[in-house]
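Student: I would like the atomic coordinates for the input below:
(one chain, ligands or ions: 1)
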Amino acid sequence: MARASTRSTPAQTPPQAPKTPAARQRIDEEHRQLGDLLHALARCHDPERALERLTALASLLREHFAHEEAADGLHALVGEGAAHRLPNLQRLFEEHREVLAAVASMEERLRNLVDGPWAALREEMRALDATLRRHERDEDALFSEAFYIDIGGRSS
Ligand SMILES: [Fe+2]
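Tutor: This is a model prediction of the structure:
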């Protein structure tokens, strides 16, 4: 019969994962928020809601890019001691400007749409709503008149 081992093993502690720097955690959280906002924006069919989301996106992007370009941002996370990465980092920072310009352009065009043609169409739709409600009331009045007065009068 095999004997159970009586030899005790020292408690195994899992190796500690390197602590993620706070700046990296913040950037990751902002990437998550940006992803959620972009997902919602890309599926939005309402111009007014799209404008709200695009404005929120522009604000978050400005804040996020400022964090990434700060002294404790991406420079500190990837640039330190790795000069060969700096050109790539610089290219990403330049792309920040391009993205902000593209978002600003979309925001301006969407605002022009919302305040211009979309506002005019909404006004027309409200007027159509009022016209059709009045139209149906007029029809009801005509039917009532025909039923209670003309037909009723004839049958009496
Ligand atoms: Fe980023």
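
Student: low-confidence ranges in the protein?
Tutor: Within the chain, the ranges that satisfy pLDDT under 70 run 1-19, 79-81, 150-156.

Student: if we use 50, what do you get?
Tutor: 1-2, 4-6, 156 (pLDDT under 50).

Student: who are the packing partners of the longest helix along it?
Tutor: Assignment by DSSP state H gives helix 86-115 as the longest helix of the chain. Packed against helix 86-115, as judged by 3 or more Cβ pairs under 8 Å, 6 or more residues apart in numbering; DSSP states H and E, are the following elements: helix 47-69. C-beta here means a position set from N, CA and C on the backbone, and glycine is covered the same way.

Student: neighbouring contacts of the helix it packs on?
Tutor: Residues outside helix 47-69 that contact it (Cβ atoms under 8 Å, 6 or more residues apart in numbering): 23, 26-27, 30-31, 33-34, 37-38, 40-41, 44, 73-75, 93, 96, 99-100, 103-104, 106-107, 110-111, 113-114, 118.

Student: the same query, at a cut-off of 6 Å, please.
Tutor: Helix 47-69 is contacted by residues 30, 37, 40-41, 44, 73-74, 93, 96, 103, 107, 110, 113-114, 118 when judged by Cβ atoms under 6 Å, 6 or more residues apart in numbering.

Student: quick one: buried residues of it?
Tutor: 47, 50-51, 53-54, 57-58, 61, 64-65, 68 (16 or more other Cβ atoms under 10 Å).

Student: can I get the CA coordinates of that helix in PDB?
Tutor: The C-alpha coordinates for helix 47-69 follow below in PDB (Å, rounded to 0.1, in the frame of the first residue of the first chain):
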ATOM      1  CA  PRO A  47     -29.300  63.600 -36.200                       C
ATOM      2  CA  GLU A  48     -30.000  65.400 -32.900                       C
ATOM      3  CA  ARG A  49     -28.800  62.400 -30.800                       C
ATOM      4  CA  ALA A  50     -25.800  61.900 -33.100                       C
ATOM      5  CA  LEU A  51     -24.800  65.500 -32.600                       C
ATOM      6  CA  GLU A  52     -25.000  65.000 -28.800                       C
ATOM      7  CA  ARG A  53     -22.800  61.900 -29.000                       C
ATOM      8  CA  LEU A  54     -20.400  63.500 -31.400                       C
ATOM      9  CA  THR A  55     -20.000  66.500 -29.100                       C
ATOM     10  CA  ALA A  56     -19.400  64.200 -26.200                       C
ATOM     11  CA  LEU A  57     -16.900  62.300 -28.300                       C
ATOM     12  CA  ALA A  58     -15.000  65.500 -29.200                       C
ATOM     13  CA  SER A  59     -14.800  66.500 -25.600                       C
ATOM     14  CA  LEU A  60     -13.600  63.000 -24.500                       C
ATOM     15  CA  LEU A  61     -11.100  62.800 -27.300                       C
ATOM     16  CA  ARG A  62      -9.600  66.200 -26.400                       C
ATOM     17  CA  GLU A  63      -9.200  65.100 -22.800                       C
ATOM     18  CA  HIS A  64      -7.900  61.700 -23.800                       C
ATOM     19  CA  PHE A  65      -5.300  63.000 -26.200                       C
ATOM     20  CA  ALA A  66      -4.100  65.600 -23.600                       C
ATOM     21  CA  HIS A  67      -3.600  62.700 -21.100                       C
ATOM     22  CA  GLU A  68      -1.700  60.700 -23.700                       C
ATOM     23  CA  GLU A  69       0.500  63.600 -24.700                       C
END
